[in-house]
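Student: below: sequence and its predicted model.
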Amino acid sequence: MMAKLFKREKYLSRIRGFYHATDIIKVITGLRRCGKSSIMELISKELVANGVNKENIIFIKLDKKGYKRIKTPEKLEAAIDKLAEGVKGIKYLFIDEIQKVKGFEEVVNAYREEEDYSIFITGSNSYLLSGELSTYLTGRYIEFEVGTLTFDEYLGMKEYFKISVGERADEFEKFIKEGGLPRNVLFDNVLDKQTYTRSVIKEIYDKDIKRNKKIRNRELFNIIQTYIINNFGSKTSVGSLCEYLSKTRKESVRKETVYKYLEILENAKIISKCKRFDTKSKRSLNGEEKYYLTDLSFYYANNVDGRVNYGPVLENVVYNYAKSKSYQISIGKVDDLEVDFILRDPMDKYSYVQVARTIYSDEDEHGIDKTQEREYRSLEKIQDNYPKYVLSLDTLLQNRNGIIHKNLTYFMSQNMDF
């Protein structure tokens, strides 16, 4: 563990209201190496700083020396009881990598029922998000999903560890290619960053995917995985994908199989599905979802083409940023036009967002910029008073008809809300 930990307030603020809740198990999920363990360390430090005795903090890291041999519920229970012996008041129980104990659900629920344990757990997403946990502990836990660093956190972590920060536009280009794995920020050169990223990707594939017994056709799964990663941010119709796979493989591929394999990638936190929403009927639309990468490094670390396709890349960055701020996100349909994102905050307030590299690129013979018209037109057709944004890399800003034009990198670097 690093001596210093960068404080990720976005996630701490979301969990803080449940620190002392003994009736609810706090399940912290997220991509491997995204910082789940550090979040638990930060919570424990906050508790002590706010007056909780250190002896009331029980920390069990099941992949660390001293705890690696705990593989059964009985051994886990014995370890907890030993650490809690003689401790008065609420015990704050942190268990990291809990999937290493088969049948852990019964153990954590038993301590929850004692009503003097506030329990926090992390583990492999492929296991924690499977049926066992949700079936056994329904209504008794809350999931808190942690993402990799967003651009504001990327800059903040560099400043925290006194790493040189260049011009914002240059840092954004680095962020796109390097991704947001926290440990990557501390490496000096690009080769080290790429090597580390590839090692994390391999760990996810080896531990969360290869061992998944629901994958009956490994070759087909790999094809779907590669297709989705290489086409992030594109409309994806499962029906069309099945037709494509059936033609290329010369055998029938069922929709149910494709959906199942996409769900496995989602549960491993490699991709995230964004559904479409009709602004007039106020209903979700099935088909042609978009899948975004949990971290852009999944594409750039293993792809020989390092060029930036700004359309899907900027959408992906904004999607992950909005998700980190607890917005519910969908793709908007307005008649025959689309809005990149419809966002709903926890207070049920909406906002609409268009994302573009630039809005100044394609003037017609009358001097009207067709790109600008395209980006604003769908927002102008929405007949409500919720905020509407165009986010681009432009420094010359052009507000229009109440639509707010912001520089995307500035907006995120300031941790602004929509």
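Tutor: It's in. This is a predicted model, so every value here is computed, not measured.

Student: what domains does the record give for the chain?
Tutor: 9-146, 149-418 (automatic domain parsing).

Student: as TSV, those with mean neighbour count and mean pLDDT would be great.
Tutor: Using the backbone N, CA and C atoms, a C-beta is placed for each residue, glycine as well. Converted to TSV, the domains of the chain look like this (neighbours: other Cβ atoms under 10 Å; pLDDT from 0 to 100):
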stretch	mean neighbour count	mean pLDDT
domain 9-146	17	92
domain 149-418	17	90
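
Student: contacts for stretch 114-122?
Tutor: 19-23, 25-29, 36-37, 40, 43, 89-98, 104, 108, 111-112, 128 (Cβ atoms under 8 Å, 6 or more residues apart in numbering).

Student: can you rerun that using 7 Å?
Tutor: 19-22, 25-28, 36-37, 40, 43, 90-98, 108, 111-112 (Cβ atoms under 7 Å, 6 or more residues apart in numbering).

Student: all the helices of the stretch 1-150 of the chain, residue numbers only.
Tutor: 9-15, 36-49, 73-84, 104-113, 125-128, 131-136 (DSSP state H, counting those that start in this stretch).

Student: dump the fourth one to CSV, restricted to CA.
Tutor: What follows is helix 104-113 as a C-alpha-only set of coordinates in CSV (Å, rounded to 0.1, in the frame of the first residue of the first chain):
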residue,chain,number,x,y,z
PHE,A,104,-18.8,-15.9,2.3
GLU,A,105,-22.4,-14.7,2.0
GLU,A,106,-23.5,-16.6,5.0
VAL,A,107,-20.6,-15.2,7.1
VAL,A,108,-21.1,-11.5,6.3
ASN,A,109,-24.9,-11.8,6.7
ALA,A,110,-24.4,-13.4,10.1
TYR,A,111,-22.3,-10.5,11.3
ARG,A,112,-24.7,-8.1,9.8
GLU,A,113,-27.5,-9.6,11.9
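
Student: list the contacts of that helix.
Tutor: Contacts of helix 104-113 (Cβ under 7 Å, 6+ apart): 23, 25, 73, 76-77, 80, 93, 98, 117, 119, 121, 132-133, 136-137, 140.

Student: just to revisit the earlier point, out of the contacts of stretch 114-122, which sit inside strands?
Tutor: If you go by DSSP state E, the contacts of stretch 114-122 have 25, 26, 27, 28, 91, 92, 93, 94, 95, 96 in strands.

Student: distance to residue 294 added to those, as TSV?
Tutor: As requested, the ones in strands among the contacts of stretch 114-122 are arranged in TSV below (distance: Cβ to Cβ, whole Å):
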residue	distance to residue 294
25	24
26	21
27	17
28	15
91	33
92	29
93	28
94	24
95	24
96	20
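
Student: which one of those residues is nearest residue 396?
Tutor: Nearest to residue 396 among those, counting by Cβ to Cβ, is residue 28 at 42.1 Å.

Student: so who does that closest one touch?
Tutor: With Cβ under 7 Å, 6+ apart, residue 28 has these contacts: 36, 39, 40, 120, 122, 144, 146.

Student: which of the residues you listed sit farthest apart?
Tutor: Largest pairwise distance in the contacts of residue 28, by Cβ to Cβ, is 12.2 Å, between 120 and 146.

Student: look up phi and psi at residue 385.
Tutor: phi -100, psi 10 (degrees, to the nearest 10).

Student: give me the distance between it and residue 402.
Tutor: Remark: distance between residue 385 and residue 402 (Cβ to Cβ, to the nearest Å) = 9 Å.

Student: check residue 111 too.
Tutor: The value you get for residue 111 to residue 402, if Cβ to Cβ is used, is 53 Å.

Student: and what of residue 340?
Tutor: 18 Å.

Student: helix/strand/coil for residue 292?
Tutor: Using DSSP: H, G, I helix; E, B strand; the rest coil, the structure places residue 292 in strand.

Student: surely it and residue 232 touch.
Tutor: Yes. Between residue 292 and residue 232 there is a contact at 5.8 Å, judged by Cβ atoms under 7 Å.

Student: show me the common contact partners of those two, please.
Tutor: In contact with both residue 292 and residue 232: residue 316, using Cβ under 7 Å, 6+ apart.
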